[in-house]
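Enquirer: next come a sequence and a model predicted from it.
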Amino acid sequence: MRLPNGYGSIFKLKGNLRKKWRVCLPATYEIVEGKLKKSQKVLGNFATRQEAIKQLESYHLKKDNGIEIDITFSVAYKKWFEVKSKTTGKGWTTNTKGRYKYLSPLYDKPVNDITLAEMQNIFNKLTVGEDAQKKIKTILSNVFDYSIINGWATKNMAKYIVVAKDEIKENKHYNYTIEEIKSLWEDTSKWSVRLQLLLIYTGLRFGELFNITEYHTDERYFVTGSKTDAGRNRKVPIHQKILPFLLEMKDKNLKSDSYLRRVFEEYSNGHTPHDCRYTFAWLMEKAGVPLLTTQKIMGHKSGNVTQDIYTNLYLDEMIEAIDKIENCLY
């Protein structure tokens, strides 16, 4: 069957291919540097000629009825995000917006024209870890699946993106030295530095920053916790020097773990958030604070002491313990 003029073309590709029927839209011409240049967009490849004809007919039907065809990736993402965000929490929304920024080279490209090579090139240049790359890949794949459902794309090549694996690292933590802690106090204008000091002076797990439920600054404690029974809903004493940083966290009302980790790494000199917690325990030991008190502040299990004694540690004992940190520095 001969196709009408200006309708497009269908031809058979060479080789032993599963999808060997290629659909091309009508050719367009433009003058480039004084020469006539021809371009022809590929609509897709299909297993049979009949499938190819149906796809071309579908394209013209949508075009005739004013349905969007060459929809860009940014538009497809926004439409998918609008639907998906109705059934997810604020944390997912914030994290997804942050990860979407890594895909900026695709924003203005028609979603059906994006190639695997273009997507892989983006991932080859990413400096984030394996887990973050997998989450970015998931966003891409979901947008393509949504685009296929709505007729904006014919295939999802995002699922074939290769994510670089993290190097295997030794599971070791290194405490900050006294000199490093003093150096942090010399320039607290940086949010990264304030964040490190906040963790060093509280012994918090990184995720517990987002779980603070109560602030009792006059009584010098706040309530947070996670992970273990001993760690949940616990009172954490506040050292006076980091009170402004804690109030800053309260005002910012941050919920994005990935964002704060990026902030932390800006001036961390290779340290990890857990190094801060490790440093807190080291400072408590150096200051002569009883292990039982340190465990209570950090939300650790009590070991071989009775749970009643462990639970009933008085807040003033923990505040007295936290104040001893400065004795280690000067």
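Expert: Cool, the structure landed. Numbering: from 1, shown residues only.
Enquirer: where does the prediction get shaky in the chain?
Expert: Along the chain, the model assigns pLDDT under 70 to residues 1, 62-69, 167-172, 225-232, 254-257, 301-313.
Enquirer: what about the strands in the stretch 1-150 of the chain?
Expert: All strands of the stretch 1-150 of the chain, identified by DSSP state E, counting those that start in this stretch, fall at 9-12, 21-24, 28-32, 35-39, 42-46.
Enquirer: report all helices and strands that the first one contacts.
Expert: If I follow you right, that is strand 9-12. strand 21-24, helix 49-64 (3 or more CB pairs under 8 Å, 6 or more residues apart in numbering; DSSP states H and E). C-betas here are computed from N, CA, C, even on glycine.
Enquirer: buried set for the shortest one?
Expert: Within strand 21-24, the residues that qualify as buried are 21-24, counting by 16 or more other CB atoms under 10 Å.
Enquirer: show me what it is packed against.
Expert: Counting by 3+ CB pairs under 8 Å, 6+ apart, strand 21-24 packs on strand 9-12, strand 42-46, helix 49-64.
Enquirer: can you give the domain ranges for the chain?
Expert: 9-64, 73-160, 178-329 (automatic domain parsing).
Enquirer: turn those into a markdown table, including distance to residue 3.
Expert: Formatted as a markdown table, the domains of the chain follow (distance: least, CB to CB, whole Å):
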| stretch | distance to residue 3 |
| --- | --- |
| domain 9-64 | 7 |
| domain 73-160 | 19 |
| domain 178-329 | 50 |
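Enquirer: to residue 2, which of those domains lies closest?
Expert: Judged by CB to CB, the one of those that comes nearest to residue 2 is domain 9-64, at 10.6 Å.
Enquirer: gap between residue 281 and residue 275?
Expert: To residue 275, residue 281 is 11 Å away according to CB to CB, to the nearest Å.
Enquirer: same check on residue 144?
Expert: Counting by CB to CB - residue 144 and residue 275 are separated by 39 Å.
Enquirer: show me what contacts residue 45?
Expert: 13, 17, 19-23 (CB atoms under 8 Å, 6 or more residues apart in numbering).
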